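K.L.:
What follows is a predicted structure for the sequence shown.
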Amino acid sequence: IYFGNIDTSSVENMKSVFYECSKLKSIDLSNFNTSNVKTMEFMFGYCLNLENIYFGDIDTSSLENMRTLFYNCSKLKSIDLSNFNTSKVKTMEAMFTHDINLEKIYFGNIDTSSVENMYGLFNNCSSLISIDLSNFNTSKVKTMGLMFTFSKNLKYLDLSNFDFSNVNDVLFMFMIVIH
């Protein structure tokens, strides 16, 4: 897909925009103006052959919903979210669920201070060996259930900075993580 100089400056909802684009292998969103986008829910959901996403200097300063953003992107091996402004994001539910070949996630200085929902965030990310969550602020998170479930190769995980004071759901948070 070639977007050229597409004008997306008024777009607020990118929910399911590439949903089930099962033959899509690579995408460049560097020309997208996402400064007003509030939801990216299922934006790449079920893009089963997606291997590369280039975000460039993406502006996500209005983004509130990242629920299921990369859901079942089963060929995706790495993702760089270091340019994402997530200061307003409230949900990251199932964001990487079923990304079975995902090996690296670059969060940079991601701001999770407004996030309330991390349910199933890394569920069934069976190729992840380590995740650096040292910059995660979990002070407002209420649910972490299924967060690392079936991420069976995960060997390094530092949750020492996690604040569980508002969490009321950790159901199956680590089920079948370590073998």
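P.N.:
Sure, I can see it. Residues are numbered from 1 along each chain as shown.

K.L.:
Cross-check the contact I'm expecting between Asp158 and Asn135.
P.N.:
No. Contact criterion C-beta atoms under 8 Å: Asp158 and Asn135 do not qualify, at 10.9 Å. (Each C-beta comes from the backbone N, C-alpha and C, glycine too.)

K.L.:
list residues touching both of the two?
P.N.:
Residues touching both Asp158 and Asn135 (C-beta atoms under 8 Å, 6 or more residues apart in numbering): none.

K.L.:
host element of the residue nearest the centre of the chain?
P.N.:
Compute the mean C-alpha point of the chain, and by C-alpha atoms, centre = their mean the closest residue is Met95, 3.9 Å away. Using DSSP states H and E, Met95 maps to neither a helix nor a strand.

K.L.:
What pLDDT is listed against it?
P.N.:
If you check Met95, the pLDDT there is 98.

K.L.:
isn't it right next to Asn72, touching?
P.N.:
No. Using C-beta under 8 Å, Met95 is not in contact with Asn72; the gap is 11.4 Å.

K.L.:
Neighbouring strands - and their directions - for the helix or strand bottoming out on mean pLDDT in the chain?
P.N.:
None of the helices or strands of the chain scores lower by mean pLDDT, DSSP states H and E than strand 156-157, at a mean of 90. The strands beside strand 156-157 in its sheet (DSSP bridges) come out as strand 130-131 (parallel).

K.L.:
So what's the gap between the strand it pairs with and the chain middle?
P.N.:
14 Å (C-alpha atoms, centre = their mean, to the nearest Å).

K.L.:
just use 480 as the starting number from now, easier for me
P.N.:
Right, with 480 as the first residue, what we last looked at is strand 609-610.

K.L.:
and that strand, average pLDDT?
P.N.:
92.

K.L.:
Name the residues that touch it?
P.N.:
For strand 609-610, contacts defined as C-beta under 8 Å, 6+ apart pick out 584, 601, 633-636.

K.L.:
what are the ranges of the strands in this structure?
P.N.:
Along the chain, the segments classed as strands by DSSP state E run 505-507, 531-533, 557-559, 583-585, 609-610, 635-636.

K.L.:
from the ones you listed, which stretch is densest packed?
P.N.:
Mean neighbours per residue, mean count of other C-beta atoms under 10 Å, is largest over the strands of the chain for strand 609-610, with a mean of 18.

K.L.:
Count the neighbours of Pro622 for me.
P.N.:
Actually, residue 622 is Thr rather than Pro. Around Thr622 there are 21 other residues, counting by other C-beta atoms under 10 Å.

K.L.:
pretty sure it contacts Asp648?
P.N.:
Yes. With contacts counted by C-beta under 8 Å, Thr622 reaches Asp648, the gap being 4.0 Å.
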